[in-house]
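>>> I would like the atomic coordinates for the input below:
(one chain, ligands or ions: 1)
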Amino acid sequence: MKITIIGRGRVGGGLAQLWGAAGHQVTGLGRDGGDASGADVVAVAVPGQLIEQALAGTTGLAGQVTIDCCNLYTQRDERFLSLSHQIKATIGGPTAKSFSTNFAALYEQIAAQRARLSNFFAAEPAARETAERLIRDAGYGPVFVGDLDPGPGS
Ligand SMILES: NC(=O)c1ccc[n+]([C@@H]2O[C@H](COP(=O)([O-])OP(=O)(O)OC[C@H]3O[C@@H](n4cnc5c(N)ncnc54)[C@H](OP(=O)(O)O)[C@@H]3O)[C@@H](O)[C@H]2O)c1
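Numbers count the residues shown, from 1 in each chain. Predicted coordinates:
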């Protein structure tokens, strides 16, 4: 798959290595921005408070399957239900939340573990298959925790 990762730090750069080794064509974008046209998948791996800025600096965002890897340690934008919803409001594609509970510093040790490490993810139905594949290709075992939307009664 062609994957554009917005953010090329510990998470973005690490995933670029893991997914590249699995045979994907990966482009990493940093604060200088860039173009995501032609990508099958866009992963977002920037500090949560920089999401708007990072998406604004990226052209070619047009409904790609999206993986939100971000966390936020300050007040979030309450207009959106979650960071993933905030990202989806710009990109518009089926969206999954993954990699946000796995320490990037340990990516190099994934393959050496006796048991397969788990990666908890939430996904809209149309993003689930792609997210699962990319979680497996990074070396983890995917654990689906549900849709991004809580649904009625939750
Ligand atoms: N580190 C972890 O173990 C870990 C684990 C799970 C989740 N997370 C979450 O994943 C996200 C990334 O964390 P990280 O540790 O990878 O951060 P990091 O190492 O500090 O890297 C941040 C990246 O964001 C890029 N960036 C900053 N402003 C940008 C902009 N305006 N446009 C595009 N890119 C921009 C930086 O670009 P430059 O390369 O140009 O500086 C850098 O590549 C955060 O939300 C974090 O909470 C981190």
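>>> Name all residues that make contact with the residue in the chain positioned nearest to the ligand.
Relative to the ligand, the nearest point of the chain is Gly9 (1.9 Å; Cβ to the nearest ligand atom). All C-beta spots, glycine's among them, are computed from the backbone N, C-alpha and C. Neighbour list for Gly9: Ala45, Val46 [criterion: Cβ atoms under 8 Å, 6 or more residues apart in numbering].
>>> Quick check: phi and psi on it?
With angles defined as degrees, to the nearest 10, Gly9 sits at phi -90, psi -140.
>>> in the sheet, who's paired with the residue nearest to Gly38 when sequence neighbours are not counted?
Leaving aside its chain neighbours, Gly38 sits nearest to Lys2 (6.0 Å; criterion: Cβ to Cβ, 6 or more residues apart in numbering). On the basis of DSSP bridges, Lys2 is bridged to Gln25.
>>> Do a quick rundown of the helices in this protein.
Residue ranges of the helices in the chain, as given by DSSP state H, are 10-21, 51-56, 83-91, 125-137.
>>> other SSEs contacting the longest one?
Secondary-structure packing of helix 125-137 (3 or more Cβ pairs under 8 Å, 6 or more residues apart in numbering; DSSP states H and E): helix 10-21, strand 41-44, strand 65-68, strand 95-97, strand 118-123, strand 141-146.
>>> can you check the third one too?
Under the contact criterion of 3+ Cβ pairs under 8 Å, 6+ apart, the helices and strands touching helix 83-91 comprise helix 51-56, strand 65-68, strand 95-97.
>>> ok, back up a step: could you give the number of residues near the residue nearest to Gly38?
15 (other Cβ atoms under 10 Å).
>>> can the helices and strands packed on helix 125-137 go into CSV with extra columns for mean neighbour count and mean pLDDT?
Below are the helices and strands packed on helix 125-137 laid out as CSV (neighbours: other Cβ atoms under 10 Å; pLDDT from 0 to 100):
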stretch, mean neighbour count, mean pLDDT
helix 10-21, 19, 98
strand 41-44, 28, 98
strand 65-68, 27, 98
strand 95-97, 27, 98
strand 118-123, 20, 98
strand 141-146, 14, 97
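>>> hang on, the earlier thing: figure out which of the helices of the chain is closest to Gln75.
Nearest to Gln75, of all the helices of the chain, is helix 83-91, at 12.2 Å by Cβ to Cβ.
>>> Roughly how far does Ala127 sit from Lys97?
Note on Ala127: its distance to Lys97, by Cβ to Cβ, to the nearest Å, is 9 Å.
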